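Enquirer: Please find the sequence and the predicted model below.
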Amino acid sequence: MSNNEHDVTRRQFLNYTLTGVGGFMAAGMLMPMLRFAVDPLLQNKTSGKMVAVTNVSQLTNEPQRFTFKVKKVDGWHTFEEQKIAYIYKKENGEILALSPICTHLGCTVSWNDPAFPNEFHCPCHGGRYTKSGINIPGTPPPEPLHVYDQKVKGGTVYLGEDHPRGGS
Amino acid sequence: MKWEVKDIEMYLQEKQYIDSVIIPLIPFSWGGQLLHSVREGEYIQILSKEIEKQLRGRVIMVPPFTYLRGESLEKSLERLKNWENELKESGIQFIFYLTSDADWKQIETQLDKLLWLPAVPLEHIESKHRVKFIDDGVGDLLKQITQEWQVRVQN
């Protein structure tokens, strides 16, 4: 045997290769697990893109009806859904975008019906909401109208998903 | 509500709130009247989808009632009455018939409530105007439906 210092013994060689291969295998198992564990953090929080709906200059202190289209996927079927928003400027200048879907059974409410001035009124079971979308006690809706995510960029109002309001 | 299990399950839970049904009346024919029939059918289906969306908390949209255009009106009516009886027996109070076929107007009085609208040749209209057209049609129908609800509450 020509053993000099640089040579590797059979035992050492096997040790190195086994640790190397074992290491790869361990990594192959652990990496996906780690990925799964971290995944929720990597998810894009603003699911669904914001859609340009109108110009800020169009808005007044009176809720106005705007329609916009959102892409939706239902199983294998992609389609455009038309959505409605009632948007107005609050006294303090903040913009409020309300979804007109009645929180009772999902009919579409309308603003300022002649019989119900300055309120949102649901044609189905007479649900009523104040201008800011708060359900009026004694009418069927269990909670306030949902509010759209909203942002203003370059004078344009963008709307995103609608969310229930916590507490009223 | 749509004619889908998910919606109907909700109906079964909330029965006391849902008392109306809309039946689209859609004629079928081939030959010379083909395009005409398709246009009427398409228009009514677009409208019903929209109405369902707006009034889904009180209304169930059932599958369309279809009939051969050549079928006599009495015969269609007889078949339709079977549907009506079935619904009435189960406690549905308002039945709206939605159609573009003018023939039904002859026997309007024998139907609970006929909602008739002439079919618009949507294919000749630009898409942005199309939305407006449908919106107007839907608005008009909604008014008729809600009026019917109010009138009968007062009686």
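Expert: Received, thanks. Numbers count the residues shown, from 1 in each chain, chains lettered A, B, ... in the order given.
Enquirer: Tell me how far B:Asp19 lies from B:Phe94.
Expert: 6 Å (C-beta to C-beta, to the nearest Å). Just so you know, the C-beta spots here come from the backbone N, C-alpha and C atoms, and that holds for glycine as well.
Enquirer: out of these two, which sits in the busier spot?
Expert: Taking neighbours as other C-beta atoms under 10 Å in any protein chain shown, B:Asp19 and B:Phe94 compare with B:Phe94 leading, 17 against 14.
Enquirer: Just the helices from chain A, written as ranges.
Expert: Assigned by DSSP state H, chain A shows helices spanning A:10-42.
Enquirer: List, one by one, the residues from it near chain B.
Expert: Within chain A, the positions adjacent to chain B are A:67, A:82, A:102, A:104-108, A:122-125, A:140 by C-beta under 8 Å from any C-beta of the partner chain.
Enquirer: Which of these sits closest to B:Glu14?
Expert: B:Glu14 lies nearest to A:Leu105 out of the residues of chain A next to chain B, by C-beta to C-beta, at 6.3 Å.
Enquirer: how close does the closest one get to B:Asp140?
Expert: For A:Leu105, the distance to B:Asp140 equals 23 Å [C-beta to C-beta].
Enquirer: who has more neighbours, these two?
Expert: Set side by side, A:Leu105 and B:Asp140 show more neighbours around A:Leu105, with 22 against 13, by other C-beta under 10 Å.
Enquirer: Distance-wise, check that one relative to A:Thr60.
Expert: 30 Å.
Enquirer: How about A:Tyr148?
Expert: 18 Å.
Enquirer: Mind checking which of those two has more residues around it?
Expert: Neighbours were counted for A:Tyr148 and for A:Thr60 using other C-beta under 10 Å; A:Tyr148 has more, 24 against 10.
Enquirer: where does the residue in chain A positioned nearest to chain B fall, phi/psi-wise?
Expert: Closest approach between chain A and chain B, counting by C-beta to the nearest C-beta: A:Leu105, at 2.9 Å. With angles defined as degrees, to the nearest 10, A:Leu105 sits at phi -130, psi 10.
Enquirer: Quick check: chain neighbours aside, which residue is closest to it?
Expert: B:Gly57 (2.9 Å; C-beta to C-beta, 6 or more residues apart in numbering or on different chains).
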